[in-house]
Each structure stands twice: as C-alpha cells, then as structure tokens.
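Colleague: I would like to see how this sequence folds:
(one chain, ligands or ions: 2)
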Amino acid sequence: MATLTDIVDDLVDGVDGVLLFSPSGSFYERFEEWEGEAELVVVAPEKAVDAETFVDLPLEFDNIRDRIRFGIEGSMDKGLFEEGDVVACAAPTFDGDIDTLVRVRVSEEMRSGIYDLFTNSRAEPSVVRDVFDVAIELGKKGQKGKPVGALFVVGDAGKVMNKSRPLSYNPFEKSHVHVGDPIVNVMLKEFSRLDGAFVISDSGKIVSAYRYLEPSAEGVDIPKGLGARHMAGGAITRDTNAIAIVLSESDGLVRAFKGGKILLEIDPEEY
Ligand SMILES: Nc1ncnc2c1ncn2[C@@H]1O[C@H](COP(=O)(O)OP(=O)(O)OP(=O)(O)O)[C@@H](O)[C@H]1O
Ligand SMILES: [Mn+2]
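Modeller: Ligands and ions are numbered 1, 2, ... in the order given. Sure thing, here's the model as predicted:
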C-alpha cells in the first residue's frame, strides 16, 4: 500500500540540494541547524532570513517555473550545483506559506537566462528591478485607466543613443534623475503616453525619453502578433549590450529581451 508520505519520499530521494523559496522566519528556523546531506539554499527577496547560502530574488515571479528557474540558475552561477544534479524545491504557490514541492534535474538546457538578466546585465541589478517595477505598475493601472505601452532600454546607454534618434525634445536633457525615485516613476508614467523609448544608463540615470530606435532587425524573433515596439526593443538588445523591458499596450504583458531573445514574460495583473 502506497501512502502520501511515499510520494514525498520519492520526490526527495537522493537529492543533491534543497531550495527553500521565500521561507517565513519560523519555517526557516526549523532548518537553521541543517545537517542534511544535501546543500541547503534559500531563494528570497533580500536577506529576509539569515541563511548561509542565499540567492537574492529580485521579483517574486508569480509563475512558479520562472521562480524555480531563477533559483536554480542563481545556484549554478554560484557553483552550488551542476549539470545532472537533482534538487528539491519547496515554494509557496498560493498564499505565503510553502505548499509546493518540486523535484528538478539541473541541466544547462533549462537555463532561460532569467538570472543572468538581472545579475549579469550591464545595468545594476537594482536598476533592472526598478524598471520592472515601473513597467508592472504602469501595466496594472494604465494611464488614467487606459492601457498604455512603454519601452525601456536599460544599460549601455551611449551605444543605444548612437543607434536611435529623438522624436521630440528630451525632457530629461539636463536633469540628473534616476529610476526608482518615486517622483521619477511618476514622470516616467506621464511620459509613457508619448511615442518612442526611454533610455536608461547602467546606474539608472534617465538619459532620454522619446527615442526612436533604429537597430538592424535581422535575426530577431518576437512573438507573433506583436509589432514595431517589440521588434525595436528586441533588436536593440542584439545590437548593443542593453536589455529591453517592454510593456505591451495590446496584450498588457511585460516582456524582457536580452541578446535579441525574449527571456521573460509576465502579467502585471498577477503582481
Ligand atoms: N523603432 C521604435 N523605437 C521606439 N519606439 C517605437 C519604435 N517603433 C514603434 N515604437 C513605439 O511603439 C508604439 C506601438 O507600435 P506597435 O503597435 O507597432 O508596437 P507593438 O509591438 O504592437 O506594441 P503594442 O503591443 O504596445 O501595440 C508606437 O506608437 C511607438 O511609440
Ligand atoms: Mn501594436
């Protein structure tokens, strides 16, 4: 006779690692004196618990596959796991508490670049996260209740400026403002009604609004149904070392591009 415990036993049998996603303090306490044979890794936003081995989660990633990918790619990057290792991931899927156990075989093929996008881009990780936050908020609320689109090109700003031209005067011309500042976020939302792209530097300085991007669009694959904004956003990341974060006016999703490839697609309504 099989029991539920047998299922759990099978899931954790012989694992090389355990990833705890966003554990509450009291949940983590039970693992504090961890003496299991497997490596224990905490994946969470900021250092919420005082874990020895930690992967910083920049967004909660409502999609659990994205979250797990991020944790595993981050762990691989830190040299904790390698191809062929098997790990058990314990994560919250619905409300706060950890309620899900997933067994995953680590392989290079599962690398989607989601960790790389935040951690190994030209722009600082906090800048990437701040731009995501603006795009998500804009996607949630729109502009005065109406859906709005926006294109943020982040990092490698000098090169991006060389591959683009102004559509109108640049309201950020003489200012030294940075993304993440609440007032700047209001400005970005206000200017998103107008055409073109925002260009943001590695350190988060808003270099320009209203840029018309002119990258060569060769070999850039964007999802069907999307148009010029996404094509330009994808292509500029192949032509430069920037990443692009694009909010679609038509389907309301936020997408991230790097190296001409789409790496992440999220629905602002889920955040
Ligand atoms: N090369 C470009 N550089 C900067 N902005 C652009 C470029 N091409 C288009 N845009 C901006 O994208 C807007 C929407 O264009 P389009 O509908 O073709 O894009 P899309 O990919 O379908 O995006 P959406 O899903 O938001 O409609 C344009 O009004 C313009 O502001
Ligand atoms: Mn369109």
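Colleague: what about the residue nearest to Phe21 when sequence neighbours are not counted, neighbour count?
Modeller: Computed as CB to CB, 6 or more residues apart in numbering, the closest residue to Phe21 that is not its neighbour in sequence is Ala91, at 3.6 Å. Where C-beta positions appear, they are placed from N, C-alpha and C, glycine not excepted. Using other CB atoms under 10 Å, Ala91 is surrounded by 20 other residues.
Colleague: just checking, Ala91 touches Phe70?
Modeller: No - the criterion here is CB atoms under 8 Å, and Ala91 misses it with Phe70 at 11.0 Å.
Colleague: Need the three-state assignment for Arg255.
Modeller: Classification of Arg255 by DSSP: H, G, I helix; E, B strand; the rest coil places it in strand.
Colleague: Report the contact partners of it.
Modeller: Counting by CB atoms under 8 Å, 6 or more residues apart in numbering, Arg255 touches Pro223, His230, Gly233, Ile245, Val246, Ser248, Ile262, Leu264, Glu265, Ile266.
Colleague: rerun at 6 Å
Modeller: Contact analysis of Arg255 by CB atoms under 6 Å, 6 or more residues apart in numbering lists Val246, Ile262, Glu265.
Colleague: hmm, back to that, now do the shared contacts for Ala91 and Phe70.
Modeller: By CB under 6 Å, 6+ apart, no residue touches both Ala91 and Phe70.
Colleague: In the longest helix seen in the chain, which residues are buried?
Modeller: Ordering each helix of the chain by length in residues (DSSP state H) puts helix 125-141 first. Neighbour counts over helix 125-141 (16 or more other CB atoms under 10 Å) mark Val127, Val128, Arg129, Asp130, Val131, Phe132, Asp133, Val134, Ala135, Ile136, Leu138, Gly139 as buried.
Colleague: What residues does the third one make contact with?
Modeller: Contacts for Arg129 were tallied using CB under 6 Å, 6+ apart; they are Pro58.
Colleague: And for the fifth one?
Modeller: With CB under 6 Å, 6+ apart as the criterion, the residues that contact Val131 are Phe152, Val154, Val179, Ile245.
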